[in-house]
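Colleague: Based on what follows, work out the 3D shape:
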Amino acid sequence: MVSMLLPVIYLAFISLGLPDALLGAAWPSMYAPLGAGVSWAGGVSMIISAGTIVSSLASDWLNGRLGTGKVTALSVATTAVALFGFSTCSQFWQLCVWAIPYGLGAGSVDAALNNYVALHYESRHMSWLHCMWGLGAAGGPVIMGWALAGGSWQSGYRIISVLQIVLTAVIVFSLPLWKTPAEAAGEDFTSEHRTLPQLLKVPGVPEVLCCFACYSGVETVTGMWAASYCTLVRGLDAVTAASWASLFYAGITIGRFLSGFLTMKFNDHQMIRLGQALIAVGIALVLLPGNALLLVGLVTIGLGCAPIYPSIIHETPANFGKSLSMAMTGVQMAAAYTGTTLLSPLFGVLAQNITSSV
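Modeller: As a prediction, the model looks like this:
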């Protein structure tokens with residue numbers, strides 16, 4: 001029964017990734033018709049992240065009352081509705097309104113699924129599950145690129161919304177399976193519910209929250225602004241830029257697939273250091289002249305991002321105890337989206353008022 005549930009969780013992770021890069025891929029074609037400025041995408045991202053922070057902090061409470069399966073189904077359904085709402089927008093303020101349910105839907109499912117996998121599956125499964133997220137995140141810009149080629153960014157959002165609805169149905173039908181892994185684990189522990197101030201007093205918590213915020217800032221800035229950078233600085237057309245932006249997520253996807261095998265030899269700490277080194281190399285390549293190096297750099301940054309997030313998450317029960325793992329996963333997700341909230345709009349302001357290049 002546990003093995004039957006794993007493909008469903010794979011699909012759920014794909015659903016998490018599908019919408020994540022849509023805004024960045026479509027923004028060069030969206031902002032003018034919506035009457036927005038180039039930097040305003042950071043504002044939408046901030047609203048989404050704020051909603052995600054709220055729902056991440058509430059995930060411990062919500063998961064304890066509904067269970068992981070129901071939280072996942074409810075969250076994916078909420079995201080599907082929000083994405084369809086995005087496709088109906090003709091003014092910027094409407095985009096901001098629909099960003100609220102999108103953010104609220106994303107946070108709880110992220111925390112619940114990550115904690116579930118950290119408790120019940122080995123490290124390689126965490127890497128491969130986040131590889132599924134990367135598959136969705138890489139596929140989102142590709143779908144948006146096809147939609148833009150046909151002349152409509154709204155169609156891209158509608159297609160992703162329909163896919164999310166299908167995934168919601170799959171998760172609903174799988175609900176009876178979600179009880180089995182917890183029972184099969186045979187672990188005798190009770191989840192502890194602590195407030196954020198109480199968690200911050202636990203040794204190591206401030207440090208890991210800072211790591212999550214910084215890492216997520218790097219990932220989100222790259223995913224959000226890669227297409228705009230390719231268009232505004234390197235002179236690529238919007239369709240090509242959207243496709244090139246997907247290379248970053250392709251790098252994450254490939255990297256997490258490979259990381260699943262590497263975790264059989266290297267521990268989580270070693271995987272994190274490897275990822276940090278690759279990110280530094282990738283950024284250097286993006287900043288050098290030449291579109292060929294730009295392509296390689298985007299992929300390399302993705303490869304570097306690949307092991308960091310799943311490795312930190314998988315270490316949570318070991319670092320802070322299984323009883324605190326759900327509460328800690330929730331605040332870690334909140335810290336991650338705090339980094340997203342602050343750094344993505346900051347980059348947008350710098351790009352509009354100074355330059356997108358060095």
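
Colleague: quick one: residue 26 and residue 307, what's the gap?
Modeller: Plainly put, residue 26 is 29 Å away from residue 307 if you go by C-beta to C-beta, to the nearest Å. To be clear about C-beta, it is placed using only N, CA and C from the backbone, and glycine gets the same treatment.

Colleague: So which bits of stretch 266-286 are buried?
Modeller: Along stretch 266-286, the positions that meet the burial threshold by neighbour count (16 or more other C-beta atoms under 10 Å) are 266, 268, 271, 272, 274, 275, 278, 279, 282, 285, 286.

Colleague: which other residues reach that stretch?
Modeller: 123, 218, 255, 259, 262-263, 293-294, 296-308, 311-312, 314-315 (C-beta atoms under 8 Å, 6 or more residues apart in numbering).

Colleague: more crowded one of residue 26 and residue 307?
Modeller: More crowded of residue 26 and residue 307, by other C-beta atoms under 10 Å: residue 307, with 31 against 25.

Colleague: nearest spatial neighbour of the more buried one, skipping sequence neighbours?
Modeller: Excluding its sequence neighbours, the residue lying closest to residue 307 (C-beta to C-beta, 6 or more residues apart in numbering) is residue 271, at 3.9 Å.

Colleague: re the thing from before, just the buried subset of the contacts of stretch 266-286, written out for ChimeraX, thanks.
Modeller: What follows is the ChimeraX syntax for the buried subset of the contacts of stretch 266-286, where burial is set by 16+ other C-beta under 10 Å:
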select :123,218,255,259,262,263,294,296,297,298,299,300,301,302,303,304,305,306,307,308,311,312,314,315
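
Colleague: hmm, back to that, for whatever helix or strand the residue nearest to residue 307 lives in, list the C-alpha coordinates in CSV.
Modeller: In this structure, residue 271 sits in helix 268-287 according to DSSP states H and E. The C-alpha coordinates for helix 268-287 follow below in CSV (Å, rounded to 0.1, in the frame of the first residue of the first chain):
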residue,chain,number,x,y,z
ASP,A,268,22.7,15.5,3.4
HIS,A,269,25.4,18.0,4.6
GLN,A,270,27.7,17.0,1.7
MET,A,271,24.9,17.4,-0.8
ILE,A,272,24.2,20.9,0.4
ARG,A,273,27.8,22.0,0.0
LEU,A,274,28.0,20.6,-3.5
GLY,A,275,24.9,22.5,-4.4
GLN,A,276,26.2,25.8,-3.1
ALA,A,277,29.4,25.4,-5.2
LEU,A,278,27.5,24.7,-8.4
ILE,A,279,25.2,27.8,-7.8
ALA,A,280,28.3,30.0,-7.6
VAL,A,281,29.7,28.6,-10.9
GLY,A,282,26.3,29.0,-12.6
ILE,A,283,25.9,32.7,-11.6
ALA,A,284,29.4,33.5,-12.9
LEU,A,285,28.5,31.9,-16.3
VAL,A,286,25.3,33.9,-16.6
LEU,A,287,27.1,37.1,-16.0
